[in-house]
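give me a 3D structure for the following:
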Amino acid sequence: MIVSKNPGISQTRLAEVMGIARSGVVAIIDNFEQAGLLERQDSGDRRAYNLHLTKEGQKQLEKYKQAVKEHDDRVSQHLNAKERQQLRALLGKLCVEPK
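Take a look at the predicted model:
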């Protein structure tokens, strides 16, 4: 999702946002690239690549987002609108915005 919302993000910046070592993010990128979900594009700097989702990556992300929405709807079906709003607010406090 980070790459989807930040097309062209560098591997280094992605590692920073995710809070993991650059070597760790490279392994993840390798797996996504091998699966045809992500591609590295030359940034003009031989040491850095810009990351972009492929069409298949975008397609899979949409399927994932739909599955998450269906799950959220299922687990929150017994909450009224006010309770759902409170839940979103509380969960939002647990999420830390990347620097």
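
shouldn't His52 be within a strand?
Yes. His52: assigned to a strand according to DSSP: H, G, I helix; E, B strand; the rest coil.

quick thing: my sequence starts at 764, can you match it?
All right, first residue 764 from here; so that's His815.

hmm, Glu802 and it touching each other?
Yes. Judged on CB atoms under 8 Å, His815 makes contact with Glu802 at a distance of 5.5 Å. Every residue, glycine included, has its C-beta placed from N, CA and C.

from Ile792, how far off is the residue nearest to Val789 when sequence neighbours are not counted?
Nearest non-adjacent residue to Val789, counting by CB to CB, 6 or more residues apart in numbering: Gln774, 6.4 Å away. Using CB to CB, to the nearest Å, Gln774 is found at 6 Å from Ile792.

same thing with Arg847?
35 Å.

between the two, who's got more neighbours?
Each of Arg847 and Ile792 has its neighbours counted (other CB atoms under 10 Å); Ile792 has more, 20 against 14.

for the residue of the chain most remote from its centre, report the pLDDT, please.
No residue in the chain sits farther from the centre than Asn843, which is 28.9 Å out by CA atoms, centre = their mean. For Asn843, the pLDDT comes out at 94.

next up, phi/psi of the closest residue to Ala811 other than its chain neighbours, please.
Excluding the flanking residues, the one nearest Ala811 by CB to CB, 6+ apart is Ser773, at 5.2 Å. Here the main-chain torsion angles of Ser773 (degrees, to the nearest 10) amount to phi -80, psi 160.
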